[in-house]
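**Student:** Quick one: sequence and predicted model below, then my questions.
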Amino acid sequence: MKIQIKKKASSRITPLRKSEARLAHRYIFPTALIVFGLVIFPAIYSIWIAFHDVGLKNLNDVLHAPYVGFDNFKSVINDYTFKFEDWSNAGAVVTSILYSFGSTILTVFLGLIAALLLNRPFKGRGLARSVFLFPYVAPIVSVAFVWRWILDPRQSGVLNDILLKLNWIDAPQAYLSTRGLALLLVILFEAWRYFPFAMLMILARLQAIDDLQYEAAEVDGANTWQKFIYITLPELKYVLGSSFLLRLIWTFNKFDDVFLLTGGGYGTKVLPILTYEFSFKTFNFGKGAATAMILLVIVIFFMILYSKTVMKDEEE
């Protein structure tokens, strides 16, 4: 009798699960279609274009573009805007490395300081957290143009106006048009804009640290610096590593921040901007796609590094 009841119950469950699976597929299908159309297909198509000669001359018949093998990649690597020649023309690769590592290190450092400050109880802490989050949630176009207004090369620029009134400079300075200084300002902008991301991750980990560790260290006579070095930093090791690698991966792909501030000029031409220029200024879409593939390889390397280090340590 019990066996028959179980068989009847299982026979009822099977059609129910099948109907639920069909319903799930119906819900997933529109999203999967959008992802395929906007992400997967363009990615595969870009790889195909990277090995073909695609330009304005055959844009109306791309599928019959001549196959050129690795010629596009050779053209990119030999291009003076890509490779390092000297520090007056560092090339997009070196500029991308300096920009990505410099801004990521500064982002994590500022996020750590902000998280340590906001972890302490004080009056108005909630308001302070909201203010600190502003650069991260504000639209990129608005904050970029505010920075450009502050750094305007004319006398009416905010920074020039202040420094002229203080007699610290004799004439207005073109900060975003000075090689070296422009890259430094772009790095500072990137760090200012994205330090709240690191701050949130670090703050969440700080609040999970057991206070008993600090109390025991205080009983043993440890000062504030010793507690930070021997308790706080070891506890933050994984979150600092994950924040650094995630921001590094995202920064390597950054286009809008640099483009809105300098347009890629004055020593700030990174790989995403070089991809844009090859594709939409010289209209060499094969060369632009090849540059994107080189950028993809670099990002995949960092993703493998992230999975082999941070994620593996967290699982252990």
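**Tutor:** Perfect, I can see it now.
**Student:** Skipping its backbone neighbours, what lies nearest residue 140 in space?
**Tutor:** Excluding the flanking residues, the one nearest residue 140 by C-beta to C-beta, 6 or more residues apart in numbering is residue 256, at 5.4 Å. For every residue, glycine as well, the C-beta is placed using N, CA and C.
**Student:** can you check residue 240 too?
**Tutor:** residue 108 is the one closest to residue 240 (C-beta to C-beta, 6+ apart), at 6.2 Å.
**Student:** ok, which stretches of the stretch 51-200 of the chain are strands?
**Tutor:** Taking DSSP state E, counting those that start in this stretch, the stretch 51-200 of the chain contains no strands at all.
**Student:** low-scoring stretches of it, by residue?
**Tutor:** Applying pLDDT under 70 to the stretch 51-200 of the chain flags residues 87-88.
**Student:** Which residues are in contact with residue 160?
**Tutor:** Counting by C-beta atoms under 8 Å, 6 or more residues apart in numbering, residue 160 makes contact with 152-154, 169, 172-173.
**Student:** Okay, the residue positioned nearest the centre of the chain and residue 101: tell me how far apart.
**Tutor:** When the chain is reduced to its mean C-alpha position, the nearest residue by C-alpha atoms, centre = their mean turns out to be residue 250, at 2.1 Å. Relative to residue 101, residue 250 is positioned 13 Å away (C-beta to C-beta, to the nearest Å).
**Student:** rewinding a little: tell me the contacts of the residue nearest to residue 240?
**Tutor:** Residue 108 sits next to 195, 198, 240, 243-244, 247 when contact means C-beta under 8 Å, 6+ apart.
**Student:** What residues of stretch 104-118 count as buried?
**Tutor:** Residues 104, 106-108, 110-112, 114-116, 118 are the ones in stretch 104-118 that count as buried (16 or more other C-beta atoms under 10 Å).
**Student:** Same question for stretch 148-159.
**Tutor:** Buried residues in stretch 148-159 (16+ other C-beta under 10 Å): 148, 151-153, 157, 159.
**Student:** which of the residues you listed sit farthest apart?
**Tutor:** In terms of C-beta to C-beta, the buried residues of stretch 148-159 reach their longest pairwise distance at 148 and 159, which sit 11.0 Å apart.
**Student:** shouldn't residue 277 be in contact with residue 264?
**Tutor:** Yes - counting by C-beta atoms under 8 Å, residue 264 is a contact partner of residue 277 at 7.0 Å.
**Student:** Which neighbours do these two have in common?
**Tutor:** Joint contacts of residue 277 and residue 264 (C-beta under 8 Å, 6+ apart) do not exist.
**Student:** For burial, what's the neighbour tally of residue 164?
**Tutor:** Residues within reach of residue 164, counting by other C-beta atoms under 10 Å, total 16.
**Student:** Quick check: it vs residue 170, distance?
**Tutor:** Residue 164 is 8 Å from residue 170, by C-beta to C-beta.
**Student:** And for residue 255?
**Tutor:** Counting by C-beta to C-beta, the separation of residue 255 from residue 170 is 36 Å.
**Student:** What of residue 274?
**Tutor:** The gap separating residue 274 from residue 170 is 36 Å, by C-beta to C-beta.
**Student:** Please apply the same query to residue 66.
**Tutor:** The gap separating residue 66 from residue 170 is 58 Å, by C-beta to C-beta.
**Student:** what sits against residue 95?
**Tutor:** Applying C-beta under 8 Å, 6+ apart to residue 95 gives the contacts 183, 267-270.
**Student:** Scan those and report the most crowded one.
**Tutor:** Most surrounded of the contacts of residue 95: other C-beta under 10 Å gives residue 270, at 28 neighbours.
**Student:** Isn't that residue up against residue 97?
**Tutor:** No - Residue 270 is not in contact with residue 97 according to C-beta under 8 Å; the separation is 9.3 Å.
**Student:** State the number of residues packed around the residue nearest to residue 140.
**Tutor:** Residues near residue 256, counting by other C-beta under 10 Å: 12.
**Student:** re earlier: neighbour count: residue 274 and residue 170, which is higher?
**Tutor:** The residue with more neighbours, out of residue 274 and residue 170, is residue 274; 26 against 8, by other C-beta under 10 Å.
**Student:** what sits against the more buried one?
**Tutor:** Residue 274 is in contact with 81-82, 92, 264, 291, counting by C-beta under 8 Å, 6+ apart.
**Student:** and those, which of them are in helices?
**Tutor:** The members of the contacts of residue 274 that map onto helices under DSSP state H are 92, 291.
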